[in-house]
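sequence below, structure please.
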Amino acid sequence: MLKKNRKISVAESIREGLIMSMKKDKNVILIGLGVDDPKGIFGTTKKIDKIFLKKKRVFDFPTAENTMTGIAIGSALSGVRPVIVHQRVEFSLLSLEQIINQAAKWYFMSGGKKSVPLVIRLIIGRGWGQGPQHSQSLETLFAHIPGLKVVCISNPKNAKGILISSIEDKNPVIIFEHRWLHEVKDFVPKKYYKTKLGKAEIIKKGKHITLISSSYMTMECLRCAEILKKYSIQVEIVDLQSLRPLDIKTIMKSVRKTKKTLVVDNGGMMYGISSEIISKIHENLNPREKSKFLIKRIGLSDNPIPSTRSLAKYCYPTYDDLVDKVNKMLKTKLKIKNKLLTKNIATDQPNLNFTGPF
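You can find the predicted model right below:
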């Protein structure tokens, strides 16, 4: 019997949310390449096909992503609530026309009479030498499209709540999951609960500087805050959770409080999420305020990710980099000790148990 306040992983939390949603609503179905595989897509769909075997609500699909998405959109228009899972965000690129021109547009083109309650889970991030074509974080591509909701999980609790809310939403929702988060454990309520879409959360309060992030980089921000805490620097962390819509109200509340902000992009900075956030911040500051605020950003290097570890490790910012950036922004000139030599460790392996192939 599971305890009320048990610790489970992000992968277990997603799986639990899927099962609960499917039991609550008979119209929820699960589709994707490998959803019935024994490993269950990093454990997130493990044995779900066995639970709903007789009801035929879990569908493995061949490598025909465009066709799969078209079928899912058609079924969603007919009252079904499909959940598509892609083991790589790159796989979804084969179905962009369906997502952008169909799923995102139906509600608008029908005057609100028809909607597409479709959830697409996209797994992102570095991993096991996957290199240029399978290690990308492409949140910006989807966040640019009106009609889509785009959200990012960052911990076990919001993983379950965001997934359930996305499945219940009447609009298409894109969920980004970083593969380095799947084994992270924390307390997750056993009950059925929802996390409001479009709402950011201040997960750590501080007064000296604000770090704004999403997905896996929220974990790096928390590690950075723990190090700086030893030097009496109080970091406030805003976990975006939603990229579209963007909760600028919560962001501005923290920015005005600390007056120094570092936006930590989970993807590339050029034309990215951090660019949009900084633009929104400046638009919401009046001319007299702007001179009192310091706003910087950090993110992935502006190049395709190399397959070789010796090069890939220089592409990703770590909490060491965040500590150095904050140190410069606050002009504290601290000599931080006991930092991990993150440039010397394997940057494509989230833990020792992670051995691929995905």
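
hmm, who's touching the longest helix anywhere in the chain?
The residue-count maximum for a helix in the chain (DSSP state H) belongs to helix 10-24. Outside of helix 10-24, the residues within contact range by Cβ atoms under 8 Å, 6 or more residues apart in numbering are 8, 28-30, 40, 42-46, 48, 51-52, 57, 83, 121, 153, 155-157, 159-161, 163-164, 167-168, 177, 181-185, 188, 192. No exception for glycine: its C-beta is placed from N, CA and C like everyone else's.

please name the nearest non-neighbouring residue to Lys199.
Asp247 (5.3 Å; Cβ to Cβ, 6 or more residues apart in numbering).

show me what contacts the one you found?
Gly198, Lys199, Ala200, Leu240, Gln241.

from what I can see the third one touches Ile237, true?
Put plainly, it is Ala200. No - counting by Cβ atoms under 8 Å, Ala200 stays clear of Ile237, with 10.4 Å between them.

filter the contacts of helix 10-24 to the buried ones?
Among the contacts of helix 10-24, those classed as buried by 16 or more other Cβ atoms under 10 Å are 8, 28-30, 40, 42-46, 48, 52, 57, 83, 121, 153, 155-157, 159-161, 163-164, 167-168, 177, 181-184, 188.

okay, now the unreliable bits of the stretch 251-358 of the chain?
The model of the stretch 251-358 of the chain has pLDDT under 70 over residues 337-358.

what about the helices in it?
273-284, 287-290, 309-312, 319-330 (DSSP state H, counting those that start in this stretch).

can I get the helix or strand that contains Ile164 as CSV, trimmed to CA atoms?
Here Ile164 sits within helix 156-168, counting by DSSP states H and E. Taking Å, rounded to 0.1, in the frame of the first residue of the first chain, the C-alpha atoms of helix 156-168 are listed here in CSV:
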residue,chain,number,x,y,z
PRO,A,156,7.3,14.7,-10.1
LYS,A,157,4.4,16.8,-8.6
ASN,A,158,3.7,19.1,-11.5
ALA,A,159,4.4,16.2,-14.0
LYS,A,160,1.2,14.5,-12.8
GLY,A,161,-0.8,17.6,-12.4
ILE,A,162,0.1,19.2,-15.7
LEU,A,163,-0.5,16.0,-17.6
ILE,A,164,-4.0,15.5,-16.1
SER,A,165,-4.9,19.2,-16.8
SER,A,166,-3.6,18.8,-20.3
ILE,A,167,-5.8,15.8,-21.0
GLU,A,168,-8.9,17.5,-19.6
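
show me what it is packed against.
With contacts defined as 3 or more Cβ pairs under 8 Å, 6 or more residues apart in numbering; DSSP states H and E, the packing partners of helix 156-168 are strand 7-9, helix 10-24, strand 119-124, strand 149-152, strand 173-178, strand 185-187.

repeat that for 10 Å
Applying 3 or more Cβ pairs under 10 Å, 6 or more residues apart in numbering; DSSP states H and E, we find helix 156-168 packed against strand 7-9, helix 10-24, strand 81-86, strand 119-124, strand 149-152, strand 173-178, strand 185-187.

so that helix versus strand 173-178, what angle?
Interaxial angle of helix 156-168 relative to strand 173-178 (axes from the mean of the first three to the mean of the last three Cα atoms, to 10 degrees): 160 degrees.

against Ile278, how distant is the residue most central in space within the chain?
By Cα atoms, centre = their mean, the chain has its centre lying nearest to Cys152, at 2.6 Å. As for Cys152, its distance to Ile278 is 18 Å (criterion: Cβ to Cβ, to the nearest Å).
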